[in-house]
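[1] Sequence isn't available, so here's the structure alone:
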């Protein structure tokens, strides 16, 4: 863990002690577990505090842990260019109504990654200026990267299940 | 499809994307793409125009979305590798490399020295190949169509080299977890050396065609200005960011494959415009060649893939007389290897910027989640900001200058 990351964690702890749910270091990457309700406050601090200065939001990655609860986790990777330090923030969201505040007011670059997470995982970002689907067509149903979304194959029509499959087909019937 | 489905986005919601003047008909809303050649693939831009001036530009992406991340979850770590080739189709070896580095980090696999050097050579050759396509296509967008033909001619030499090492011109899957597929053939080093002698002369020709060309300069200088803080706030990385004067290169900031041992410069320009991005990439050609030369000097004989049989196939010669080798071979190609529980993020410098792979393992032989942070996706975000107030013709120059690949944007 570099000095800057340690200093960051100390500072976040001092100002928002209730927000941090844990600090994990895995394969030399430091992850700060953050309560979803405090995410925006911490991001504001990381971005605008001149001593911390995490000016680049590298990525927002959503992960589905189905069937475990909390079902979703979001990883925000932030980078401080001057200090060359990289930190991951992780929030956990329930499967019922995954919702978290958008960090677009801290980093404009969060706009598209958050739209992608909404499109692929169905996570709502409160306060996002333009939360629409981005990769899938606007009329798509479901969220493809969820674990309970099928990879996509069709049940084969044999003589024993001909009628059953036929009844589900789209084409015009008499 | 016979059914009419409920559309989530209503027309009223989309109206907010444009100004009120568009609704009164004062300005025009025009669709550019997805089949327009200047959009470098299948990028659709919805433009609001006042005469020829761009008021607003709304990119619409996803036409090339192939669900690579979802597909990778259903394959073993090894088989998922071939999907990465198909993401950014101008940086195939770089995609392989990023994914393999993530798998190696998650499983703690050691990579032999010779494999590291071969990887560096491949990544830099790929950077040159990608920049040649960028140079050709972006020059053609500005009507310098002869450059396109020249650049594709030169790139052909590189594709021949990739075919020599991987058996395929583009979808090589040559870099594997633990090293590379097999050692480079004897013809490889002479072919690379020959290319390194050939290219500088040609690059000088292209510079003569473009760098001081008055038409090219008029079309690129002071066009698409995005200053350092705006570029950073909009998540730009790579040569596009360095054209705005920010010294951020993943090879320097977080070295991988031993990049910290090579002597090279990170080209920087302060123009913040299309011309500055052009200058940065032109200089990157020379830096890549410098790295390749140093790497070729270091290339010593040795193993090219880890000897940990859990992560690498046994040599063919052992299969005839060792039962353990047959077992390893069978297990390796059918079940694959399992990775521990955890999440890693690995970044490399692709020709377009920071290419990241977020890999989540859950203890099984299949990845629980693979997410790619693709540079084109993030760089394209800045286009709407960059293009406001410029002409439609300038927009085309800007798309060329941020060097997007739609396979990389949509995945």
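    Cool, the structure landed. If you're wondering where the values come from, they're calculated on a predicted model, not measured in any experiment.

[2] Count the neighbours of residue B:76 for me.
    Residue B:76 has 19 neighbours, counted by other Cβ atoms under 10 Å in any protein chain shown. In short, each C-beta sits where N, CA and C put it, glycine included.

[3] again, but for residue B:122
    If you count neighbours by other Cβ under 10 Å, residue B:122 ends up with 27.

[4] Look through the stretch 51-200 of chain B and state the residue closest to chain A.
    Of all residues in the stretch 51-200 of chain B, residue B:62 sits closest to chain A, at 4.0 Å by Cβ to the nearest Cβ.

[5] what's the answer for the stretch 201-350 of chain B, then?
    Proximity of the stretch 201-350 of chain B to chain A (Cβ to the nearest Cβ) peaks at residue B:235, 2.8 Å away.

[6] That residue: which element?
    Residue B:235 is part of no helix or strand when elements are defined by DSSP states H and E.

[7] What of residue A:73?
    Per DSSP H and E: strand A:72-80 holds residue A:73.

[8] Walking through chain A, point out its strands one by one.
    A:20-26, A:29-34, A:56-64, A:72-80, A:85-93, A:99-101, A:124-126 (DSSP state E).

[9] For the nearest residue to the residue of the stretch 51-200 of chain B closest to chain A once chain neighbours are set aside, give me its contacts.
    What sits nearest to residue B:62 in space, not counting adjacent residues and going by Cβ to Cβ, 6 or more residues apart in numbering or on different chains, is residue A:135, at 4.0 Å. Residues near residue A:135 by Cβ atoms under 8 Å, 6 or more residues apart in numbering or on different chains: A:116, A:119, A:120, B:61, B:62, B:65, B:410, B:411.

[10] Just confirm the fifth one contacts residue A:136, I think it does.
    I take that to be residue B:62. Yes - using Cβ atoms under 8 Å, residue B:62 is in contact with residue A:136, at 6.3 Å.

[11] Look at those two and report which has more neighbours.
    Using other Cβ under 10 Å as the criterion, residue B:62 and residue A:136 rank with residue B:62 on top: 21 against 18.

[12] which SS state does that one fall under?
    At residue B:62, secondary structure determined by DSSP: H, G, I helix; E, B strand; the rest coil is coil.

[13] Need the pLDDT of it.
    Looking at residue B:62, its pLDDT is 88.

[14] Give the next helix or strand downstream of the helix or strand containing residue B:331.
    Assessed by DSSP H and E, residue B:331 sits inside helix B:323-334. Next along the chain after helix B:323-334, taking DSSP H and E as the criterion, comes strand B:342-350.

[15] how far out from the middle of the chain is that following strand?
    Counting by Cα atoms, centre = their mean, to the nearest Å, strand B:342-350 is centred 14 Å from the centre of its parent chain.

[16] ditto for stretch B:25-40
    For stretch B:25-40, the distance to the chain centre is 25 Å (Cα atoms, centre = their mean).

[17] end to end, how far does that stretch reach?
    30 Å (Cα to Cα, to the nearest Å).

[18] how about it: buried residues?
    For stretch B:25-40, a neighbour-count test (16 or more other Cβ atoms under 10 Å in any protein chain shown) marks B:27, B:29, B:32, B:33, B:34, B:36, B:38, B:39, B:40 as buried.

[19] Could you pull up the contacting residues of residue B:342?
    By Cβ under 8 Å, 6+ apart, the contact set of residue B:342 is A:26, A:27, B:106, B:360, B:361.

[20] go again using 6 Å as the cut-off
    A:26, B:361 (Cβ atoms under 6 Å, 6 or more residues apart in numbering or on different chains).

[21] what does the one 3 residues further on give?
    With contacts defined as Cβ under 6 Å, 6+ apart, residue B:345 is in contact with A:77, B:356, B:358.

[22] cool, residue B:349 as well?
    B:249, B:250, B:251.

[23] Quick check: bridge partners of it?
    Beta-bridge partners for residue B:349, by DSSP bridges, are residue B:354.

[24] that older thread, could you point out which of the buried residues of stretch B:25-40 is nearest to chain A?
    Nearest to chain A out of those is residue B:34 (Cβ to the nearest Cβ; 12.6 Å).

[25] in chain A, what spans have low per-residue confidence?
    Applying pLDDT under 70 to chain A flags residues A:1, A:154, A:170-174.

[26] does residue B:377 count as helix, strand or coil?
    Under three-state DSSP, residue B:377 falls in the helix class.

[27] go on, residue B:284?
    helix.

[28] And the residue lying closest to it once chain neighbours are set aside, how far from residue B:126?
    Excluding its sequence neighbours, the residue lying closest to residue B:284 (Cβ to Cβ, 6+ apart) is residue B:267, at 5.8 Å. As judged by Cβ to Cβ, to the nearest Å, residue B:267 and residue B:126 stand 18 Å apart.

[29] More neighbours: which of the two?
    Legend: neighbour count by other Cβ under 10 Å for residue B:267 and residue B:126, higher for residue B:126 (25 against 19).

[30] give the contact list for the more buried one.
    Contacts here follow Cβ under 6 Å, 6+ apart; on that basis residue B:126 touches B:91, B:93, B:94.

[31] so for the helix or strand where residue B:294 lies, what's the average pLDDT?
    Residue B:294 belongs to helix B:274-298 when assigned by DSSP H and E. The average pLDDT for helix B:274-298 rounds to 92.

[32] coming back round to it: got the angle between the strand holding residue A:73 and strand B:342-350?
    Put simply, strand A:72-80 runs at 40 degrees to strand B:342-350, going by axes from the mean of the first three to the mean of the last three Cα atoms, to 10 degrees.

[33] Give me the sheet partners of strand A:72-80 and which way each runs.
    Paired neighbours of strand A:72-80 in the sheet (DSSP bridges): strand A:56-64 (antiparallel), strand A:85-93 (antiparallel).

[34] Please produce TSV containing the ones you listed, extended by mean neighbour count.
    Listed next are the strands paired with strand A:72-80 as TSV, based on neighbours: other Cβ atoms under 10 Å in any protein chain shown:
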stretch	mean neighbour count
strand A:56-64	26
strand A:85-93	21
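
[35] Grab the nearest non-local neighbour of residue A:151.
    Once flanking residues are discounted, residue A:151 sits nearest to residue B:74: 5.5 Å by Cβ to Cβ, 6+ apart.

[36] next one: residue B:362
    residue B:368 (4.0 Å).

[37] Which pLDDT value does the model give that neighbour?
    Reported pLDDT for residue B:368: 92.

[38] Likewise for the one 4 residues further on?
    Looking at residue B:372, its pLDDT reads 93.

[39] That one and residue A:50, how far apart?
    Taken as Cβ to Cβ, the span from residue B:372 to residue A:50 is 32 Å.

[40] what's around residue 140, how many residues?
    Unless you meant another one, I'm taking chain A. Residue A:140: 15 surrounding residues under other Cβ under 10 Å.

[41] Let me rephrase: I mean chain B.
    So residue B:140, with other Cβ under 10 Å, has 18 neighbours.

[42] Ok, the one 5 residues further on next?
    Residues lying near residue B:145 (other Cβ under 10 Å) number 11.

[43] what's the angle between the longest helix anywhere in chain A and strand A:85-93?
    Counting residues, the longest helix found in chain A (DSSP state H) is helix A:3-15. Relative orientation of helix A:3-15 versus strand A:85-93 (the same axes, to 10 degrees): 40 degrees.

[44] Quick one: distance of stretch A:59-70 to the chain centre.
    Relative to the centre of its chain, stretch A:59-70 is centred 8 Å away, using Cα atoms, centre = their mean.

[45] Apologies, that question was intended for stretch B:167-187.
    Distance of stretch B:167-187 from the chain centroid (Cα atoms, centre = their mean) equals 18 Å.

[46] what's the closest non-adjacent residue to residue 56?
    All of this refers to chain A. In this structure, residue A:56 finds its nearest non-sequential neighbour in residue A:79, 4.3 Å apart by Cβ to Cβ, 6+ apart.

[47] other chain: chain B
    Nearest to residue B:56 is residue B:48, by Cβ to Cβ, 6+ apart, at 4.2 Å.
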